[in-house]
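Undergrad: structure here, sequence nowhere to be found:
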């Protein structure tokens, strides 16, 4: 189960990265940046302050962008898409109209946020970047960002397109419990030992952000895989399979996650005992059938001899 879920989670993140790459080269995005940049350079943007998003000229630009980029949210089912200025990190556009619209990521109150780090890394390296899942004030909860550079015809980075990954879809992948029975659970934990998934009993689709300081988490974050009996974050003994997701190697991130698939030890033991009982019952039934067949065969051989 752990290996299957890990691969599906990686597939989702890699697909999101490919989507961002395709969008960065899409005609609609390529057309949007010059318009936004022109507004920015004409006085709408302040190198030390926010972008003026209340000007009538900007509102007209945003209305056009809403119609151009609606498909990213509605068809691809990403919670939001943002366009960022390469020079100052201004949030030039957010389809959902989040509270960070117009914010300056280089000098404003969001300069230490996950979005600011993604912007800075993309502009500095020219490479795609993925943030860890962490609280982001403008969204009012945990968010994960995936950024990709937008280049002009000469290859220079003119902006950054940023997608929010769909945490509800990622939690649905982790909700896979085939073979884990009623107490089964699959979750991911970050390098700060905080859970990045919804956790047992969750119904919101948002990460639980619960601390999980167990030996199997440490083993997985150290790059090791295995199975062992261990107390979990609830203090319950479980049979846990653990492994790293290898995000650094597979996606070039600056972080990794541990993936844990577990079942309560009592339920696992009961399953083994039940299996053993069924095997004993089957063996007894096979033995009885063999005895009956043997007796019938013996009677069939004995009758001609008696005659």
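TA: Done, it's in. Treat the numbers as computed from the prediction; the structure is a model and nothing was measured.

Undergrad: shaky segments in the stretch 201-307 of the chain?
TA: Along the stretch 201-307 of the chain, segments meeting pLDDT under 70 span 201-206, 271-307.

Undergrad: ok, 80 please
TA: The model of the stretch 201-307 of the chain has pLDDT under 80 over residues 201-208, 268-307.

Undergrad: can you map out the helices along it?
TA: With helices called from DSSP state H, counting those that start in this stretch, the stretch 201-307 of the chain shows them at 215-221, 247-251, 265-306.

Undergrad: and the shortest one, what's buried?
TA: Neighbour-count burial for helix 247-251 flags 247, 251 (criterion: 16 or more other C-beta atoms under 10 Å). No exception for glycine: its C-beta is placed from N, CA and C like everyone else's.

Undergrad: which elements pack onto that helix?
TA: Other elements packing on helix 247-251 under the criterion 3 or more C-beta pairs under 8 Å, 6 or more residues apart in numbering; DSSP states H and E are helix 2-24.

Undergrad: after the helix it packs on comes which helix or strand?
TA: On the C-terminal side of helix 2-24, the closest following helix or strand by DSSP states H and E is helix 27-39.

Undergrad: and the angle from that following helix to helix 2-24?
TA: The directions of helix 27-39 and helix 2-24 differ by 60 degrees, with axes from the mean of the first three to the mean of the last three C-alpha atoms, to 10 degrees as the criterion.

Undergrad: report the buried residues of helix 27-39.
TA: 29, 30, 32, 33, 36, 37, 39.

Undergrad: partners of residue 163 in the sheet?
TA: Bridge pairing for residue 163 (DSSP bridges) gives the partners residue 81, residue 146.

Undergrad: quick one: pLDDT of it?
TA: Listed pLDDT for residue 163 reads 96.

Undergrad: for burial, what's the neighbour tally of it?
TA: For residue 163, the number of neighbouring residues by other C-beta atoms under 10 Å comes to 24.

Undergrad: show me where the stretch 51-200 of the chain has helices.
TA: 56-74, 114-125, 167-174.

Undergrad: what is the rounded mean pLDDT of the last one?
TA: Averaging pLDDT along helix 167-174 gives 92.

Undergrad: now stretch 89-102
TA: On average, stretch 89-102 scores 94.
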